[in-house]
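Peer 1: Give me a 3D structure for the following:
(one chain, ligands or ions: 2)
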Amino acid sequence: MVRSIEIHPDGRVDVVVSLTTPGCPIRAQFERAVVDNVGAIEGVTSVGVGFDVLSDTEKQGLQQKLGRPGGLPEGALAKVKNVICVASGKGGVGKSTMTANLAAALTAEGKSAGALDCDVYGYSIPRMLGVNSRPEVNAERKIIPLESPSGVKVMSIGFFVEENAAVVWRGPMLHKAIQQFLEDVDWGELDYLLLDLPPGTGDVSMTLAQLLPQAKILVVTTPQPAAQSVAARAAEMAAKVDLEVLGVVENMSGFTAPDGQRFTIFGEGGGQELADELDVPLLGKVPLEEALREHADAGDPLATSEPDAPASIAIRQAARGIIATTPVELPLMQAVAADMPATPAPIGGTELPVVQAGG
Ligand SMILES: Nc1ncnc2c1ncn2[C@@H]1O[C@H](COP(=O)(O)OP(=O)(O)O)[C@@H](O)[C@H]1O
Ligand SMILES: [Mg+2]
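Peer 2: Ligands and ions are numbered 1, 2, ... in the order given. Prediction:
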């Protein structure tokens with residue numbers, strides 16, 4: 001960025017260029033370009049080039065103005081390689097169960113994983129991953145996520161409200177809370193951050209798409225055709241906000257009785273049809289299994305506690321599918337999308353209550 005241009009009567013021109021960082025690797029290139037271009041102008045006798053560095057506020061402003069994704073990776077998510085939103089068209093299809101178990105399965109595959117509960121009204125991640133206490137704040141005033149016994153870093157609105165309290169927030173509050181969970185939480189280095197979305201395609205999905213243009217969507221569906229067309233709406237939403245669909249997981253995919261007989265309680269084939277329709281892989285077919293529900297209720301994901309259970313095998317296969325379809329190195333996530341207003345609209349309500357570490 002050009003900070004200033006001074007033209008002297010004797011034809012001397014002084015230009016000050018602002019760099020994003022003092023050790024800018026293309027500083028010499030800037031200098032040469034300014035000297036060449038300004039020096040070529042008629043009447044210019046000599047060119048002086050000076051440098052200074054943009055302040056943090058100036059950098060942020062510039063990032064927003066230029067709308068360049070991944071430009072200045074200064075946000076809390078700078079070290080998160082992949083953000084995956086677990087979505088479905090409706091509730092009760094097992095989104096939270098899949099989020100919790102996939103996150104645990106990813107850690108079992110040697111990846112670092114986090115789970116963020118974005119279902120503010122129907123949060124269930126703390127219970128399913130067996131964590132629930134007040135998170136602390138570190139010296140940089142960032143909220144420290146809790147770590148589940150299975151090694152998943154967890155953050156949920158459930159940590160900040162009284163047990164079973166209803167959260168009644170509308171659009172802007174919701175947006176602010178999710179933004180805070182992404183920006184003000186010390187996620188640190190993570191291979192995968194899984195976001196458990198609320199059912200449907202409402203406010204939260206739009207907020208996430210705006211905040212995380214590089215996030216990918218994992219669609220969960222049950223096998224019946226009705227659910228599949230509902231799930232297709234989640235994919236349509238993804239397309240509308242320009243997020244890539246990573247794949248489909250079919251849940252509640254048949255039930256095998258103790259005598260070995262298989263019942264297709266929720267129909268059959270919906271997951272594959274949806275995957276074909278979206279031209280993405282079907283990453284797994286997870287059977288109905290009582291133990292999966294029991295372990296979710298007990299906060300002990302089946303995928304890691306009983307890895308040989310049929311549902312666990314399917315979930316771990318899906319986790320390996322996720323690893324296979326996400327490249328190791330991705331452009332760094334940016335903290336705030338370019339088209340967010342420079343100064344967010346003031347939002348009423350209270351800040352999230354947090355306790356100070358050691359206090
Ligand atoms: N494959 C499955 N087998 C048995 N129970 C399941 C399975 N998937 C989900 N459940 C149970 O169904 C209920 C709804 O699942 P949940 O993950 O909360 O859905 P969602 O987050 O989509 O609303 C939970 O009680 C969960 O334990
Ligand atoms: Mg849920």
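Peer 1: Any idea which residue of the stretch 101-250 of the chain lies closest to ligand 1?
Peer 2: Nearest to ligand 1, among the residues of the stretch 101-250 of the chain, is S124, at 5.3 Å (C-beta to the nearest ligand atom). All C-beta spots, glycine's among them, are computed from the backbone N, C-alpha and C.
Peer 1: What about the residue nearest to that residue when sequence neighbours are not counted, how many residues nearby?
Peer 2: Take S124 and drop its neighbours on the chain: the residue closest to it by C-beta to C-beta, 6 or more residues apart in numbering is S96, 4.5 Å away. Using other C-beta atoms under 10 Å, S96 is surrounded by 26 other residues.
Peer 1: wait, what's in contact with the residue in the stretch 251-359 of the chain positioned nearest to ligand 1?
Peer 2: Relative to ligand 1, the nearest point of the stretch 251-359 of the chain is R293 (3.6 Å; C-beta to the nearest ligand atom). Contacts for R293 were tallied using C-beta atoms under 8 Å, 6 or more residues apart in numbering; they are T97.
Peer 1: ok, and the residue nearest to S124, which helix or strand is that part of?
Peer 2: Per DSSP states H and E, S96 falls inside helix 95-108.
Peer 1: who touches the residue of the stretch 101-250 of the chain closest to ligand 1 in this structure?
Peer 2: Contacts for S124 (C-beta under 8 Å, 6+ apart) come out as S96, D117, G158, D196.
Peer 1: so how far is the host helix or strand of S312 off the chain centroid?
Peer 2: Assessed by DSSP H and E, S312 sits inside helix 310-325. With C-alpha atoms, centre = their mean, to the nearest Å as the basis, helix 310-325 stands 20 Å off its chain's centre.
Peer 1: and it, what other elements does it pack with?
Peer 2: When contacts are defined as 3 or more C-beta pairs under 8 Å, 6 or more residues apart in numbering; DSSP states H and E, helix 310-325 packs onto helix 95-108, strand 244-256, strand 282-288, helix 302-305.
Peer 1: right, so these: which one is the most enclosed?
Peer 2: Mean neighbour count (mean count of other C-beta atoms under 10 Å) peaks for helix 95-108 among these, with a mean of 28.
Peer 1: What segments of the stretch 51-200 of the chain are strands?
Peer 2: All strands of the stretch 51-200 of the chain, identified by DSSP state E, counting those that start in this stretch, fall at 80-87, 113-117, 136-137, 146-147, 153-155, 190-196.
Peer 1: Relative to A311, which of the ones you listed is closest?
Peer 2: A311 lies closest, by C-beta to C-beta, to one member of those: strand 80-87, at 16.2 Å.
Peer 1: what is the orientation angle of that closest one with strand 190-196?
Peer 2: Going by axes from the mean of the first three to the mean of the last three C-alpha atoms, to 10 degrees, strand 80-87 is angled at 20 degrees with respect to strand 190-196.
Peer 1: Just checking: what are the partner strands of strand 80-87?
Peer 2: Each strand paired with strand 80-87, and its direction, by DSSP bridges: strand 190-196 (parallel), strand 216-221 (parallel).
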